[in-house]
Each structure stands twice: as structure tokens, then as C-alpha cells.
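K.L.:
Next one to model:
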Amino acid sequence: MKKMLLILLLSFIAFPQEDIEIDRDPFEDINRVVFNIFDEIDVAVLKPTAEIYRDYTPKLIKRSISNFFNNLSEIDTIANQLLQGKFDLALQDSTRFFINTTFGMGGIFDLATNAGLERHDEDFGQTLGYWGVPNGPYVFVPFVGPSTLRDLAGYPASWYLSGNFAIDEADMKIIFTTLDVIETRERLLAAENLIIGDKYEFVKDVYMQSRNDLVLDGEVEDEFLMDFEFELLEDDLPEN
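P.N.:
As a prediction, the model looks like this:
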């Protein structure tokens, strides 16, 4: 759930373009139409809601909500670590999930990170890339956001494993999904000053760069991506 929503909301955050090779965009005309529609939805609904959430929600509560959704996504990460043969990381993140779920009140408190267990992030799109499946054409999908045909094929499994199987009531799924969207959008507000130029092109570039970085486990160093991550982390620093 978390990864899919992050991908959706990253569609409104972009970085300066670099001279890198990216996949062709044979569906650019329809991609741009869908992108513009969702950009308008973000400006009219998501961003104002995220700003209200930022301004009126205590920081401790926001941190707890982030921890909760991160903990739900651990199951997806563990499954894909096993599929990629990363058994040591799968064991570590299984330990993280056990600690935070059992002693961290369902993941509200991230005790595992405090104990030195680093959090990782894997999904089925990354697993397909790990085993050599090419990206395929770039697509911008309604209610999903920027993607490729390869990553799109992995969404159903990752969406299911990111906590959705544990929520039986339809109303509760709607509430949790809405809260996840708002929480994620709020964390991206700080990085909006990085948006310049043709937003559609930059969204495509940052998506392709970030996915390549994830598939290669961070072995590709990207200055703009690091700046973006720093902007997000700044908001989590203790206040003086």
C-alpha cells in the first residue's frame, strides 16, 4: 500500500533533468492527459488536505501514523527479499516486523530502528527488475501514477501484501487508504520547491531514476534524489 501511494504522490514532485537514458514514452499523449487530470486533483484536493494535516496534527501523532504504515509494508518487503534471495535481509526485516508489531503497539512505535535494525523497501516490480525483466514503456496510470509495464505487473501482489489482506471491512480499508494518502502527501510538501520546468518530463525522469536506484539497491548515486531524501528527513528532525 505504502509504495503504491508513494508512487502516486511522487507524480507531483520532480527534479532537474539529467543526461540519462530512459525508456521510450510511446504513450506520451494519453499519459499527459491523465497526468494533467491528476495534477489538478492534487492541487484542488490532496495538497490542501495535506497542508491542514501538517499544520494541525501533533508531530508525535504524525510520526506514529508513519510508523504504522511503514510496519504494514514490511510484509511486502520480506516476501520480495525472499524472492530475490536476500535471506539475511528477510530475516532482519522479519525481526523488525515482530518487534514493532508485538512491542511497538502494532507498529505505532518503531522500536526496531532504535535497536539498530535498518528498514528496507522492496516490491514485486523491483523483484522483476532484479531478475532482469526490462522496464517496458513508461505509463501514467489512473489512481496509480507514474509506472512502467513491468512495475504495473507487480502492483496487485504488492498492494495485497502491504497490509490490505489484514483489513476485512471495506469501510476500514477506505479509511486506512485515505489516511495513508494524506500522510504520504504531507511528507512530500517540503520537497515541492524542487519542481521546475515541464512537470510531466521531470516526473518521468525522477520515477525512472528512483526505480533504477531501488532495483540496484542504491548502487546508483543520484545527487538530486539525495537532496529530495534530505528534504523529507529534515521534517523528521527533533525541534529545538
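
K.L.:
use CA for all of it now, contacts and neighbours both
P.N.:
Will do.

K.L.:
Stretch 95-102: which residues count as buried?
P.N.:
For stretch 95-102, the neighbour count (16 or more other C-alpha atoms under 10 Å) marks 96-101 as buried.

K.L.:
check contacts around residue 141.
P.N.:
Residue 141 makes contact with 31, 34, 147, according to C-alpha atoms under 8 Å, 6 or more residues apart in numbering.

K.L.:
any idea which helix or strand carries the closest residue to residue 182 other than its chain neighbours?
P.N.:
Among residues not flanking residue 182 along the chain, residue 50 sits closest, at 5.4 Å (C-alpha to C-alpha, 6 or more residues apart in numbering). Assigned by DSSP states H and E, residue 50 belongs to helix 47-56.

K.L.:
confidence score at residue 226?
P.N.:
Residue 226 is assigned 46 on the pLDDT scale.

K.L.:
hmm, I was thinking of residue 178
P.N.:
Note on residue 178: pLDDT of 86.

K.L.:
what's the helix or strand for it?
P.N.:
Per DSSP H and E: residue 178 is located in helix 170-188.

K.L.:
when you compare where that helix runs with where helix 47-56 runs, what's the angle?
P.N.:
If you take axes from the mean of the first three to the mean of the last three C-alpha atoms, to 10 degrees, helix 170-188 sits at 80 degrees to helix 47-56.

K.L.:
Show me what helix 170-188 is packed up against.
P.N.:
Contacts defined by 3 or more C-alpha pairs under 8 Å, 6 or more residues apart in numbering; DSSP states H and E place helix 170-188 against helix 2-10, helix 47-56, helix 59-72.

K.L.:
a markdown table please, covering the ones you listed and showing mean neighbour count.
P.N.:
What follows is these, written out as a markdown table (neighbours: other C-alpha atoms under 10 Å):
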| stretch | mean neighbour count |
| --- | --- |
| helix 2-10 | 21 |
| helix 47-56 | 15 |
| helix 59-72 | 18 |
